[in-house]
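Student: The following comprises the amino acid sequence and a computationally predicted model.
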Amino acid sequence: MSLPTFDPGFSTDGLTAVFSAESTVAAMMEFEAVLALALADAGVAPRDLAERVAEACRSGVTDPEAVLASTWEKGTPIVALGERITAAVGAEAGGWFHFGATTQDTVDTAQMIQARTALGLIEQSLAASARRLRELTVDFRDQPQLGRTFLQDATPTTFGFRTATWLDAVLGHIVDLRRMSEGLVFQLGGPVGRLDDYGEAASEVLTAMARRLALSIPDISWHSNRSRLRELAQTVGRVSATMAKIGSDVALLASSGLGEVTVRSGGSSSMPGKENPIDPIRAVAAWKVCSGAVAMLSGGGHELDRGVGGWHVEWLALPLVMQSAGASVEAIAVCLDSLEPDPEKMSQRSTNAPRERQQIDTVLAAFDRVVDG
């Protein structure tokens, strides 16, 4: 899938690759390969023919963009893929390609495969930020800094306490992403979700699929129940929102008149020497994209047994959620890596250093469990 980016601020190299047309079709074909082998595992399909189908599926296609574009000509990308597989393996073996499945089984499971990889990449970037935040928290836990509420001067705090609050949020997101990744469920139901073509072997097919995909078995088809996918998007969206919060805080602390921290800066086309907080800017912009994409997935239910357009918009929205969230996480990781506090300027406004050690120690202990445990 190709998404509009600007140099490429609303994605990352890794996530762009995960959701490329090539990777999207490869994930679909991995579902089809696993399905053929699962049918053989369950005694539904002849082993030799199933293996031929799986091998052909995993050999890749030369024109993934054309396969995806064929959706709006043929009604589904699986028609184009089926034509290619049958041509490669012959009609007898080709009859076991996509046997008993429907397009939504393929697409939904492919998105779960891609989501698992994407969640891992986002978690890795979050962990880098967590390590830097731990470092800042330990080094500046007693550094006085004026607290500010409603953008007005308030009572004293410490810079380490501030970074500990950021760290606490990041650690919570790492735990949430791991939980989400471990709970991903594949899709297999057939035309209306009843697995009719597998007869009494249906449970064996599902078990074999789960083992080969390393994804969980659904209790029932979720063709028109999109709560799982919405929860996935909302969980990732919350990560992006936290990145925007950290970015906004850093931009304010680095702003003219405060200057209590410095960060990597971008220049100005009209004012030479002006230093703009480019990474916080990217984090906030990416979050705005991400929140809009989450909203695209939060509408009404899908009609009856298959949604009219509501399912199709997920093909755009879920990759956009993942890519833009990843961009915001990457931006904050870069931002924090360059962040340098200015103790002198902080101390000019607050010479008191409240002893907030207990709460900070609790967060640091959580870091040890979540990141280094």
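Tutor: Right, received. Where do you want to start? Remember, predicted model here, so these are calculated numbers, not experimental data.
Student: switch to C-alpha atoms for all contacts and neighbour counts from now on
Tutor: Fine.
Student: Would you indicate which residues of the helix or strand containing A286 are buried?
Tutor: Assigned by DSSP states H and E, A286 falls within helix 278-296. Neighbour counts over helix 278-296 (16 or more other Cα atoms under 10 Å) mark 278-294, 296 as buried.
Student: same deal with stretch 77-87?
Tutor: Using 16+ other Cα under 10 Å as the test for burial, stretch 77-87 gives P77, I78, A80, L81, G82, R84, I85, T86.
Student: how far away is G373 from A365?
Tutor: Distance from G373 to A365, counting by Cα to Cα, to the nearest Å: 10 Å.
Student: Equivalent analysis for T106, please.
Tutor: 42 Å.
Student: for this structure, longest helix please?
Tutor: The helix that spans the most residues within the chain, counting by DSSP state H, is helix 103-139.
Student: helices and strands around that one, which ones?
Tutor: Packing partners of helix 103-139 (3 or more Cα pairs under 8 Å, 6 or more residues apart in numbering; DSSP states H and E): helix 13-18, helix 21-41, helix 159-182, helix 312-338, helix 357-370.
Student: how big is the angle separating that helix from helix 357-370?
Tutor: Using axes from the mean of the first three to the mean of the last three Cα atoms, to 10 degrees, one finds that helix 103-139 and helix 357-370 are set 140 degrees apart in direction.
Student: Mind listing what's buried along helix 103-139?
Tutor: For helix 103-139, burial by neighbour count (16+ other Cα under 10 Å) applies to 103-119, 121-138.
Student: pLDDT weak spots in this structure?
Tutor: Low-confidence segments of the chain, defined by pLDDT under 70: 1-8, 266-274, 299-300, 303, 305-306, 353, 356.
Student: so how far is L68 from the residue nearest to the spatial centre of it?
Tutor: By Cα atoms, centre = their mean, the chain has its centre lying nearest to M322, at 3.6 Å. When distance is defined by Cα to Cα, M322 is 19 Å away from L68.
Student: picking that back up, mind telling me the two of the buried residues of stretch 77-87 farthest from one another?
Tutor: Largest separation among the buried residues of stretch 77-87 by Cα to Cα: P77 and T86, giving 14.5 Å.
Student: Pull the contacting residues for the nearest residue in space to T71 that is not next to it in sequence.
Tutor: Distance criterion Cα to Cα, 6 or more residues apart in numbering; nearest residue to T71, sequence neighbours excluded, is P77 at 4.8 Å. Neighbouring residues of P77 by Cα atoms under 8 Å, 6 or more residues apart in numbering: V67, L68, A69, S70, T71, T103.
Student: Using CSV, lay out those residues together with secondary structure and distance to S224.
Tutor: Output for those, formatted as CSV (DSSP: H, G, I helix; E, B strand; the rest coil; distance: Cα to Cα, whole Å):
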residue, secondary structure, distance to S224
V67, helix, 24
L68, helix, 22
A69, helix, 24
S70, coil, 23
T71, helix, 20
T103, helix, 13
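Student: buried subset of these?
Tutor: Buried members of the contacts of P77, counted by 16+ other Cα under 10 Å: V67, L68, A69, S70, T103.
Student: rewinding a little: and the next helix or strand after the longest helix of the chain, how far from the chain's centre?
Tutor: Using DSSP H and E, the next helix or strand after helix 103-139 towards the C-terminus is strand 144-149. Relative to its parent chain, strand 144-149 has a centroid offset of 34 Å by Cα atoms, centre = their mean, to the nearest Å.
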